[in-house]
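> Here is my input; please provide its structure:
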Amino acid sequence: VQLQASGGGLVQAGGSLRLSCAASGLTFSSYAVYWFRQAPGQEREFVSAITRITKSTFYSDSVKGRFTISRDNAKNTVYLQMDSLKSEDTAVYYCAADSTYSSGSIPPYWGQGTLVTVSS
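Alright, predicted model coming up:
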């Protein structure tokens, strides 16, 4: 199972970025996909998740209303559209997958991170 996160970069506060998580080695449509992030010196935190079938979405309070998660199962890809970015969104973002969505769980499959830096 391989997950590949991409799309990070440097952006000014108030700007937008779209992260992508591409999957291989699994039937992607059978997995819930999560986004987590870890800022320097801080613990990893949940950002968003999307379920496998109903495509229900979940967000942390800190990103709700600014970030949008979506998936294209035909392309084996999940996206995280990040708008109205703030300096506190600066972090390494990771995508992860599990056979089902469960609040507070730690998925077994992880991709490498992609760095998002928001300048104020």
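> Going by C-alpha atoms from here, please, whenever you check contacts or count neighbours.
Noted.
> Please tell me how far G14 sits from Y59.
Applying CA to CA, to the nearest Å, one obtains 19 Å for the distance of G14 from Y59.
> Give me the nearest residue to the residue nearest the centre of the chain, chain neighbours excluded.
Among the residues of the chain, the one closest to the centroid is W35, at 2.7 Å (CA atoms, centre = their mean). Distances taken as CA to CA, 6 or more residues apart in numbering place C95 nearest to W35, at 4.5 Å, with adjacent residues excluded.
> Neighbours of the one you found, how many?
As a burial measure, C95 scores 31 neighbours (other CA atoms under 10 Å).
> What does it show for phi and psi?
phi -100, psi 150 (degrees, to the nearest 10).
> per-residue pLDDT, it?
pLDDT for C95: 97.
> ok, now which ones touch it?
Taking CA atoms under 8 Å, 6 or more residues apart in numbering as the contact definition, C95 lies against 3-5, 21, 33-36, 110-113.
> Please apply the same query to G15.
83-85.
> Show me which of those residues are buried.
With neighbours counted using 16 or more other CA atoms under 10 Å, these contain these buried positions: 83, 85.
> can you redo the contacts of G15 as TSV with secondary structure?
Formatted as TSV, the entries for those read as follows, by DSSP: H, G, I helix; E, B strand; the rest coil:
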residue	secondary structure
D83	coil
S84	coil
L85	coil
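> Return the member of the contacts of G15 nearest to Q42.
Sorting the contacts of G15 by distance to Q42 puts L85 at the head of the list, at 18.6 Å, by CA to CA.
> Tell me the confidence at the closest residue in space to V63 that isn't next to it in sequence?
Counting by CA to CA, 6+ apart, the nearest residue to V63 once its immediate chain neighbours are dropped is V47, at 7.0 Å. At V47, the model reports a pLDDT of 98.
> How about Q4?
Q4 is assigned 95 on the pLDDT scale.
> Likewise for S29?
Reported pLDDT at S29 in the predicted model: 89.
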